[in-house]
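**Student:** no sequence for this one, just the structure:
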Ligand code: ATP
Ligand code: MG
């Protein structure tokens, strides 16, 4: 029997298409340059799992399904350079449910023996890579109503990196 290739996996928030379109239009109007991320690929990584066996996916689905966190609004109000040269949108404040979602995922993953990057979680949406300097203007800001998160696989293809959703889960309606 052929051995199945591992999957490169991450949990993320996928940018909704209307927000993605507005973000791409804004980015392009600012002349940010570099290598722009396609609209379809705009996302916020919650946990990067790296290469995992296909057999791990079922356990990851169960882990994700057990998460109980309220939906929230993310306010992307800063344009920053992260790492060497990634132009990113970031929130200046992390909503509590975002922190809870990341904490619950990270805790669950560690019980599955999945070792995450030691760097603290830094919420960001990458807009473009290989950017040297940023324009001075800050975004308007962008409001993102987050009511789902998903598990994605990442594949390098001749056309660039492709993310495919394996499954997604709803966040709870916050009690008012
Ligand atoms: P490519 O690496 O092909 O240029 P990419 O960075 O978008 O494309 P992946 O490397 O598969 O694709 O990463 C998927 C997501 O996980 C991206 O949001 C990436 O920033 C994030 N990621 C990758 N490596 C780590 C890591 N060590 N720690 C935290 N997040 C990571
Ligand atoms: Mg990468």
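**Tutor:** Good, I have the coordinates. Bear in mind that the values here come from a model prediction, so they are computed numbers and not experimental data. Ligands and ions are numbered 1, 2, ... in the order given.
**Student:** Tell me the residues of the chain that contact ligand 1?
**Tutor:** Residues of the chain lying close to ligand 1 (Cβ under 6 Å from any ligand atom) are 8, 10, 45, 48, 117, 154, 156, 161. From N, CA and C alone the C-beta is placed, and that goes for glycine too.
**Student:** what's near enough to touch residue 108?
**Tutor:** 63-64, 66-67 (Cβ atoms under 8 Å, 6 or more residues apart in numbering).
**Student:** The closest residue to residue 105 other than its chain neighbours: neighbour count?
**Tutor:** In space, and not counting its chain neighbours, residue 105 is closest to residue 47: 4.8 Å by Cβ to Cβ, 6 or more residues apart in numbering. Using other Cβ atoms under 10 Å, residue 47 is surrounded by 21 other residues.
**Student:** Next: residue 51.
**Tutor:** Residue 51: 10 surrounding residues under other Cβ under 10 Å.
**Student:** Low-confidence ranges, the protein, go.
**Tutor:** 1-2, 176 (pLDDT under 70).
**Student:** what about the helices in it?
**Tutor:** Ranges of helices in the chain, per DSSP state H, are 17-30, 57-65, 96-111.
**Student:** got those as TSV, with distance to residue 174 columns?
**Tutor:** As requested, these are exported to TSV (distance: least, Cβ to Cβ, whole Å):
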stretch	distance to residue 174
helix 17-30	20
helix 57-65	19
helix 96-111	8
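**Student:** before we move on, the earlier item: which single one of the contacts of residue 108 is nearest to ligand 1?
**Tutor:** residue 64 (16.2 Å; Cβ to the nearest ligand atom).
**Student:** Name the nearest residue to that closest one, ignoring sequence neighbours.
**Tutor:** residue 169 (5.2 Å).
**Student:** Same question for residue 14.
**Tutor:** Using Cβ to Cβ, 6+ apart and skipping residues adjacent in sequence, the residue nearest residue 14 is residue 43, 5.2 Å away.
**Student:** And for the one you found, the neighbour number?
**Tutor:** Residue 43 has 18 neighbours, counted by other Cβ under 10 Å.
**Student:** so what's it up against?
**Tutor:** 12-15, 125, 152, 163.
**Student:** Just the ones of those in strands?
**Tutor:** Secondary structure defined by DSSP state E assigns 12-14, 125, 152, 163 of those to strands.
**Student:** Kind regards, and thank you for your time.
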